[in-house]
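[1] pasting the structure only:
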């Protein structure tokens with residue numbers, strides 16, 4: 001059995017940083033992450049994103065828990081979801097929509113293949 005443990009997720013240093021793939025406004029949001037992918041393909045990690053607006057599409061189903069920050073996710077064809085520290089979210093596979101990060105967001109996540 002392989003156990004992944006991220007201790008004190010609010011202060012873990014994140015390894016990779018890059019502009020989001022499909023920015024919709026200035027400033028362009030910068031996403032940072034650290035993650036572990038298990039042999040069965042399940043990925044878990046910590047993700048952080050600076051303020052900005054951008055388009056999202058992740059093929060995998062995702063569960064995430066927000067540690068800090070404030071944002072809105074508006075799924076295509078759906079109502080805006082206001083999210084903040086303490087909230088959790090389950091996104092189905094192939095979810096598309098717009099992220100609007102108002103205050104730098106940090107979340108833990110699991111991508112389920």
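    Perfect, thanks for sending it. Keep in mind it's a predicted model, so treat the numbers as computed, not measured.

[2] what about the nearest residue to residue 74 once chain neighbours are set aside, distance to residue 56?
    Distances taken as C-beta to C-beta, 6 or more residues apart in numbering place residue 80 nearest to residue 74, at 4.4 Å, with adjacent residues excluded. For the C-beta atoms, the positions are set from N, CA and C on the backbone; glycine is no exception. Residue 80 sits 13 Å away from residue 56, going by C-beta to C-beta, to the nearest Å.

[3] the two: which has the busier surroundings?
    Counted by other C-beta atoms under 10 Å, residue 80 and residue 56 do not tie: residue 56 has more neighbours, with 18 against 12.

[4] wait, the more buried one sits on residue 95?
    Yes. The criterion here is C-beta atoms under 8 Å, and residue 56 meets it with residue 95 at 7.1 Å.

[5] name the residues contacting each of the two.
    In terms of C-beta atoms under 8 Å, 6 or more residues apart in numbering, residue 56 and residue 95 are not both contacted by any residue.

[6] for the chain, give me the ranges with low pLDDT.
    For the chain, applying pLDDT under 70 flags the ranges 1.
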